[in-house]
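Peer 1: sequence unknown, structure follows:
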């Protein structure tokens, strides 16, 4: 059990309810959201959100966690991004400021609502309740600079390793099929390029 777990503070009934919701979300997740249940501590919910298309976060995978307080569900969970992100509503320690969660929270809203709210925040940031002042200011005053910076963060911190692995595998031409299909000419060219690379390094 992790030190800050709230499992012992929640009633068995609430814990059963959380476990059921997490199980449902794992089986049937909302679009663009994956949920990873924490067997050790049901009050620590890990998830990953795909950066929504048309935003500077597109193509990234953002890991986050929800921490349920001992007063859940009468109090909303706290959210944290574990992936570094440049966003007006995310503090440098990853804490997510979701106004709707504080203001409009009701006990029957549940975890799915929280995850969808965070995903919406990636699509429509809320500069009024900025935890990252700089991002909030750029969003309002120099939108292009905001998207540029957010894109760079996405490139550096949120790109799943799978992409780069897939690319490096393709370019190494290791598979028997790749060899068969790559004409000799391609291999010759590759050798030339490799030679150039070596020369460049010298």
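Peer 2: Thanks, I have it. This one's a predicted model, so the numbers in the text were calculated from it and none came from an experiment.

Peer 1: Lowest mean pLDDT among the helices and strands, pick that one out for the chain.
Peer 2: helix 176-181 (a mean of 48; mean pLDDT, DSSP states H and E).

Peer 1: can you give me the strands in the chain?
Peer 2: 33-36, 44-50, 61-67, 78-81, 95-96 (DSSP state E).

Peer 1: Could I get those strands in JSON lines, plus columns for distance to residue 15, mean pLDDT and mean neighbour count?
Peer 2: Bear in mind the C-beta positions are built from the backbone N, C-alpha and C, glycine included. Converted to JSON lines, the strands of the chain look like this (distance: least, CB to CB, whole Å; pLDDT from 0 to 100; neighbours: other CB atoms under 10 Å):
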{"stretch": "strand 33-36", "distance to residue 15": "17", "mean pLDDT": "94", "mean neighbour count": "18"}
{"stretch": "strand 44-50", "distance to residue 15": "13", "mean pLDDT": "95", "mean neighbour count": "21"}
{"stretch": "strand 61-67", "distance to residue 15": "15", "mean pLDDT": "95", "mean neighbour count": "20"}
{"stretch": "strand 78-81", "distance to residue 15": "18", "mean pLDDT": "94", "mean neighbour count": "20"}
{"stretch": "strand 95-96", "distance to residue 15": "24", "mean pLDDT": "94", "mean neighbour count": "18"}
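
Peer 1: First-to-last residue distance for stretch 135-152?
Peer 2: End-to-end span of stretch 135-152 (CA to CA, to the nearest Å): 13 Å.

Peer 1: re the thing from before, so which of the strands of the chain gets nearest residue 131?
Peer 2: For residue 131, the closest of the strands of the chain is strand 95-96, at 6.5 Å, according to CB to CB.

Peer 1: Which residues does stretch 112-122 contact?
Peer 2: 21, 25, 30, 32-33, 35, 47, 49, 51-52, 55, 57, 62, 64, 66, 76-77, 79, 87, 89, 96, 98, 100-101 (CB atoms under 8 Å, 6 or more residues apart in numbering).

Peer 1: domain assignment for this structure?
Peer 2: Here the domain assignment for the chain is 7-157, 161-201, based on automatic domain parsing.

Peer 1: Return the most buried member of the ones you listed.
Peer 2: Highest mean neighbour count of the domains of the chain: domain 7-157, a mean of 17 (counted as mean count of other CB atoms under 10 Å).
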